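Q: Return a 3D structure for these sequence lines:
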Amino acid sequence: MTFVHETAIISSKATIGNGCHIGPFCTIGDDVVLGDGVRLESHVVVDGVTTVGDETRVFPFVSIGLGPQDLKYAGEPTRTEIGKRNQIREFVTIHRGTEGGGGVTRVGDDNLLMAQAHVAHDCQLGSEIIMANAATLAGHVEIADRASVGAYSGVHQFCRVGVEAFIGGYSVVVKDAMPYATIQGNHAKCYGLNRVGAKRRGYSKETIDHLNHAFHLLLSAKLNTTQAVEKIREEIIGCREVDLLVDFIETSKRGVVK
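A: I've put the predicted structure just below:
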């Protein structure tokens, strides 16, 4: 059964799934769809054309789907899509998209957004991501699966964060953060492979050695990025993770953090 606290304000046009919990002083707008088992603890605002996936838990004072902080936004219909089993902690803000940015802000499945994190308009987040306290994404940021963004870090608009990248706390990221990398600082620098993360995720010694060598060529071999990529292609063959790293670099529009 769905529980709705008597102080909650829910539009009659909203769609509420089975087994939801809607706590005190929550507000749910006309075009909101909550999946099964969604839990809004209290004082949560969900508005706009917004879907929240099954078993997502939203903590007090979160705002999802409100208009973007973009002066070009003129009220055009855009959306917010939140996946399944996310943990969205206190005071998180997630804004809907803009017409010029594709119209959708999207968050995947099984993510942890810690207190005060901000996801701006048109951001595209994958799954199993951790955003620590007050981590901030400007508009149009893309974050791939299993990446981590440290506390009080900021990611510049239109930047990408690659698969399993680790951004340390208080960093300022103004270029693309490479997959599997450790990124830290203001402005951020790359310190090579996130070895701890690679070991925890069970990568083979061979794969870790290949990635280490790739980062050595990129960061320490006195080669420019184009030369380093050519060397990587010559010297490391048949490693899927290295191929993904190279593809990420070659498709970067802002350049990569080195």
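Q: can you give me the helices in the stretch 101-250 of the chain?
A: 195-200, 205-219, 225-235, 240-250 (DSSP state H, counting those that start in this stretch).
Q: export the ones you listed to CSV and tack on mean pLDDT and distance to Gly108?
A: Glycine gets a C-beta too; all of them are placed from N, C-alpha and C. Shown next, in CSV, are those (pLDDT from 0 to 100; distance: least, Cβ to Cβ, whole Å):
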stretch, mean pLDDT, distance to Gly108
helix 195-200, 94, 18
helix 205-219, 98, 24
helix 225-235, 97, 29
helix 240-250, 98, 18
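Q: could those helices go into TSV alongside distance to Arg79 and mean neighbour count?
A: Shown next, in TSV, are these (distance: least, Cβ to Cβ, whole Å; neighbours: other Cβ atoms under 10 Å):
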stretch	distance to Arg79	mean neighbour count
helix 195-200	32	14
helix 205-219	37	18
helix 225-235	36	15
helix 240-250	27	18
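Q: Any chance of the ones you listed in JSON lines with distance to Gly17 as columns?
A: As requested, those are arranged in JSON lines below (distance: least, Cβ to Cβ, whole Å):
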{"stretch": "helix 195-200", "distance to Gly17": "34"}
{"stretch": "helix 205-219", "distance to Gly17": "41"}
{"stretch": "helix 225-235", "distance to Gly17": "47"}
{"stretch": "helix 240-250", "distance to Gly17": "36"}
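Q: right, so of these, which gets closest to Pro77?
A: The closest of the helices of the stretch 101-250 of the chain to Pro77 is helix 240-250. By Cβ to Cβ, the value is 32.7 Å.
Q: tell me what the closest one is packed against?
A: helix 205-219, helix 225-235 (3 or more Cβ pairs under 8 Å, 6 or more residues apart in numbering; DSSP states H and E).
Q: can you put those helices in CSV and add distance to Gln124?
A: Shown next, in CSV, are the helices and strands packed on helix 240-250 (distance: least, Cβ to Cβ, whole Å):
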stretch, distance to Gln124
helix 205-219, 24
helix 225-235, 24
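Q: Quick one, which of those gets closest to Pro179.
A: Nearest to Pro179, of all the helices and strands packed on helix 240-250, is helix 205-219, at 9.1 Å by Cβ to Cβ.
Q: what angle do the closest one and helix 225-235 make?
A: 150 degrees (axes from the mean of the first three to the mean of the last three Cα atoms, to 10 degrees).
Q: Right, I'll leave it there.
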